[in-house]
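>>> Predicted model, plus sequence, below.
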Amino acid sequence: MSSLSELREMSNEQMAAVLKEACKDLFHLRIKAQTDRLDVPSELKRNRKLVAQIKTIQRERQIKAANARAAGEANAAAAANQ
């Protein structure tokens with residue numbers, strides 16, 4: 001599931017669920033890293049990267065939606081002025 005193309009295909013709800021799970025895992029990994037040794041230290045980096053990728057995709061979608069709304073409002077205003 002760590003593939004960027006797989007993340008982009010997810011719906012907003014699915015992505016939010018994956019983000020929540022990744023944040024929870026990251027928290028537990030950080031706690032375990034402080035108290036014990038991690039079995040796979042690279043898992044910490046992989047989880048941070050996954051969280052960052054998901055947040056980036058969510059932000060891209062927010063910006064695209066805002067631009068679409070602004071374009072729609074501009075078109076509606078132009079049509080009203082004619």
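That came in fine, so what should we check first?
>>> need the contact list for the closest residue to V51 other than its chain neighbours.
On the basis of C-beta to C-beta, 6 or more residues apart in numbering, the spatially nearest residue to V51 that is not a chain neighbour turns out to be A22, at 5.1 Å. C-beta: built from backbone N, CA, C; applies to glycine. Taking C-beta atoms under 8 Å, 6 or more residues apart in numbering, we find A22 in contact with 47, 50-51, 54.
>>> so where does A22 fall, helix or strand?
helix 12-35 (DSSP states H and E).
>>> list the buried ones in that helix?
Of the residues in helix 12-35, those buried under the neighbour-count criterion (16 or more other C-beta atoms under 10 Å) are 15, 18-19, 22, 25-26, 29.
>>> Which helix runs longest in the protein?
The longest helix of the chain (DSSP state H) is helix 42-81.
>>> and that one, what does it pack onto?
Counting by 3 or more C-beta pairs under 8 Å, 6 or more residues apart in numbering; DSSP states H and E, the packing neighbours recorded for helix 42-81 are helix 4-9, helix 12-35.
>>> Could you list the low-confidence segments of this structure?
Segments of the chain classed as low confidence (criterion: pLDDT under 70) are 1-2.
>>> tell me the centre residue of it?
The chain has I54 as the residue nearest its centroid, 2.1 Å off, counting by C-alpha atoms, centre = their mean.
>>> Pull the contacting residues for that one.
With contact taken as C-beta under 8 Å, 6+ apart, I54 is in contact with 7, 15, 18-19, 22.
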